[in-house]
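Chemist: prediction below, plus the sequence it came from.
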Amino acid sequence: MALIRLIKSVAKALTGKKGLSELEVMEARPKRYQQKLVDGGGLHLLVHSDGLKEWAMDYYFEGKKMTLPIGEYPDVTLTSARFRRDQAINDLAKGLIP
């Protein structure tokens, strides 16, 4: 299993692939500690030890780091989470708190 992860990470680095795939999100398994799977643009999927998967976005507003909760997977898909991230980025560009 560790070898497969190593091969995937090397392939990802060589191909320059960015962001998560729907398959990676579906196959994310809980561990003893909380995992943070980064998609890009501040968007990430938190995989809790109890199996809960939730989308969130980290951003800075007026110099302070903030986190915007987006929703739980599978209720909020990867595509929907990215759309909500893009909306939040537009709001931040206008000086609004998302």
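Modeler: That came through, no problem.

Chemist: ok, Gly71 touching Lys53?
Modeler: No: between Gly71 and Lys53 there is no contact, the gap being 10.0 Å when judged by CB atoms under 8 Å. Every residue, glycine included, has its C-beta placed from N, CA and C.

Chemist: strands of the protein, residue ranges please.
Modeler: Under the criterion DSSP state E, the chain carries strands at the ranges 35-40, 43-47, 53-61, 64-73.

Chemist: okay, now the sheet partners of the third one, with direction.
Modeler: What it means is strand 53-61. Paired strands of strand 53-61, with direction, are strand 43-47 (antiparallel), strand 64-73 (antiparallel) (DSSP bridges).

Chemist: so what touches the longest helix seen in the chain?
Modeler: Longest among the helix segments of the chain by residue count, using DSSP state H, is helix 78-93. Counting contacts by CB atoms under 8 Å, 6 or more residues apart in numbering, the residues outside helix 78-93 that touch it are 20-22, 25, 39, 41-43, 45, 55, 57, 59, 61, 68, 70-71, 73, 76, 97-98.

Chemist: contacting residues around the residue nearest the centre of the chain?
Modeler: Relative to the mean C-alpha position of the chain, the nearest C-alpha, by CA atoms, centre = their mean, is the one of His44, at 1.8 Å. For His44, the contacting residues are Lys36, Leu37, Val38, Trp55, Ala56, Met57, Asp58, by CB under 8 Å, 6+ apart.

Chemist: what's opposite the last one in the beta bridge?
Modeler: When bridges are assigned using DSSP bridges, the partners listed for Asp58 are Thr67.

Chemist: ok, now the first one?
Modeler: In this structure, Lys36 bridges to Leu46 when assessed by DSSP bridges.

Chemist: what ranges in this structure fall below the confidence cut-off?
Modeler: Applying pLDDT under 70 to the chain picks out residues 1-17.

Chemist: on that earlier part again, mind checking how far the longest helix of the chain is from the chain centre?
Modeler: Its chain's C-alpha centre and that of helix 78-93 lie 12 Å apart, by CA atoms, centre = their mean, to the nearest Å.
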